[in-house]
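In: got a structure for you, letters missing:
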C-alpha cells in the first residue's frame, strides 16, 4: 500500500511541479503577478525595505502578451520591448517618469522588477502564474 501511495504522490508532484511541467512561461499566455517585497534605494544610503503597498506599487499585475501591456488596478502601461532566452523573459517600458525592467524566470515564475528615474530607484520581488 505504501508503494502505491508513493507512486501516486510522485505522479501528482510531477504533474504540478514547474520543473516537470515544461515551459509554462513562454511569453504567450497571460500572467498574473503578485508583488511580495519592495526596496526603495538612494545613492550612498541603505535601501529601505517594505511591502509594495507601502512603496506605492500595486499588489497584483496582469501581463497581456497579446495586447503588449501590463495592467494594475490604477493604470495600464505598454510593454516597449520584450526579449526571451532559455532562462527568462525580459520586459521593458516607461511609466510615470520611471524606466522599468521586469525579468520573469521561465521555470519558476519568479519576477524581479527594477524602476529607475532621475531621483528614484525601486526594486520589487514577486511571483507570476499563468491565467487560464
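Out: Good, I have the coordinates. Quick caveat: nothing in here was measured; it's all calculated off a predicted structure. Numbers count the residues shown, from 1 in each chain.
In: now the residue nearest the centre of the chain, which residues is it bridged with?
Out: By Cα atoms, centre = their mean, the chain has its centre lying nearest to residue 111, at 3.1 Å. On the basis of DSSP bridges, residue 111 is bridged to residue 104, residue 126.
In: you'd agree it is up against residue 126?
Out: Yes: with contact defined as Cβ atoms under 8 Å, residue 111 and residue 126 form a contacting pair (4.8 Å). No exception for glycine: its C-beta is placed from N, CA and C like everyone else's.
In: anything in contact with each of those two?
Out: Listed as contacting both residue 111 and residue 126 by Cβ atoms under 8 Å, 6 or more residues apart in numbering are residue 33.
In: how about the helices in the protein?
Out: Along the chain, the segments classed as helices by DSSP state H run 2-16, 18-21, 52-55.
In: Lowest average pLDDT across the ones you listed?
Out: Mean pLDDT values for these show the minimum at helix 2-16, a mean of 37.
In: Quick one: residues contacting residue 54.
Out: residue 38.
In: Look up how far residue 38 lies from it.
Out: According to Cβ to Cβ, to the nearest Å, residue 54 and residue 38 sit 7 Å apart.
In: do residue 53 as well
Out: For residue 53, the distance to residue 38 - Cβ to Cβ - is 9 Å.
In: neighbour-wise, which of those two wins?
Out: residue 38 (23 against 11; other Cβ atoms under 10 Å).
In: in the protein, what spans have low per-residue confidence?
Out: Residues of the chain that meet the criterion pLDDT under 70 lie in 1-23.
In: redo that, cut-off 90
Out: Counting by pLDDT under 90, the ranges of the chain that qualify are 1-28, 44, 52-58, 95-96, 118-120, 131-132.
In: how close does residue 86 sit to residue 28?
Out: Between residue 86 and residue 28 the computed distance is 16 Å (Cβ to Cβ).
In: Over to residue 56?
Out: Separation of residue 56 from residue 28 (Cβ to Cβ): 30 Å.
In: what do you get for residue 96?
Out: 28 Å.
In: quick one on the thing from earlier: of residue 56 and residue 28, give the one with the bigger neighbour count.
Out: The neighbour count for residue 56 versus residue 28, taken as other Cβ under 10 Å, is higher for residue 56 (11 against 8).
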